[in-house]
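Visitor: From the sequence below, what's the structure:
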Amino acid sequence: FSIKADDETKVCYPFDFEFRVCYKLNSDNVVVDYKVTNPSDETIWFSVGSHDAFATPEGFDKYDIIFPEEETLDNYLLYGSIIGDETNNIIKNSKKLVLSNDLFDVDSLVFKNIKSRYCHLVNRKTGRGVRLDYADATYMVIWALIDGPYICIEPWCGAPANEGIID
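Guide: Residues are numbered from 1 along each chain as shown. Prediction:
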């Protein structure tokens with residue numbers, strides 16, 4: 001899939017660009033590559049984030065997200081679509097994030113600088129699941145509709161933020 005800058009895109013994003021998303025199916029996985037091309041000599045500013053959604057027909061609250069390393073995940077609170085610098089702790093020194101409806105009372109969960117470079121979404125009862133690799137992502141956003149049949153695990157390389165969180 002690709003999109004190039006035109007008069008319509010320049011209303012919201014004033015730079016020339018080409019953005020490609022390439023999907024490759026292997027025997028037991030899907031590889032997604034993102035490529036941004038700047039056709040001009042002008043510096044452009046951008047960030048890429050995915051919106052990967054995984055079906056959880058039993059309800060996402062029957063699943064856990066398992067990390068290979070122990071994580072301490074502090075959720076950066078959202079103020080509309082802006083990420084604040086206030087946090088609340090979700091897990092401390094654990095490899096498991098137990099998914100539940102009440103996690104999303106605050107909207108999305110926004111984590112920064114997760115040590116693990118992949119995670120597994122695993123059904124607690126069956127042990128079945130998927131692995132999501134996010135080698136270069138700085139942020140991870142997790143989002144779900146209350147009682148929804150899916151969960152979004154979104155690796156992002158940047159985020160809308162206030163001055164307190166930007167590196």
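Visitor: which SS state does the residue lying farthest from the centre of the chain fall under?
Guide: In terms of distance from the mean C-alpha position of the chain, residue 41 ranks first, at 30.3 Å (Cα atoms, centre = their mean). Secondary structure assignment for residue 41 (DSSP: H, G, I helix; E, B strand; the rest coil): coil.
Visitor: list the contacts for it?
Guide: Going by Cβ atoms under 8 Å, 6 or more residues apart in numbering, residue 41 touches no other residue. From N, CA and C alone the C-beta is placed, and that goes for glycine too.
Visitor: Where does the prediction get shaky in this protein?
Guide: Along the chain, segments meeting pLDDT under 70 span 160-167.
Visitor: Strands of that one, start to end?
Guide: 2-4, 18-25, 30-37, 53-55, 63-79, 82-98, 109-112, 118-123, 129-133, 139-143, 150-156 (DSSP state E).
Visitor: buried stuff in the fifth one?
Guide: Residues of strand 63-79 classed as buried under the neighbour-count rule (16 or more other Cβ atoms under 10 Å) are 63, 64, 65, 66, 67, 71, 73, 74, 75, 76, 77, 78.
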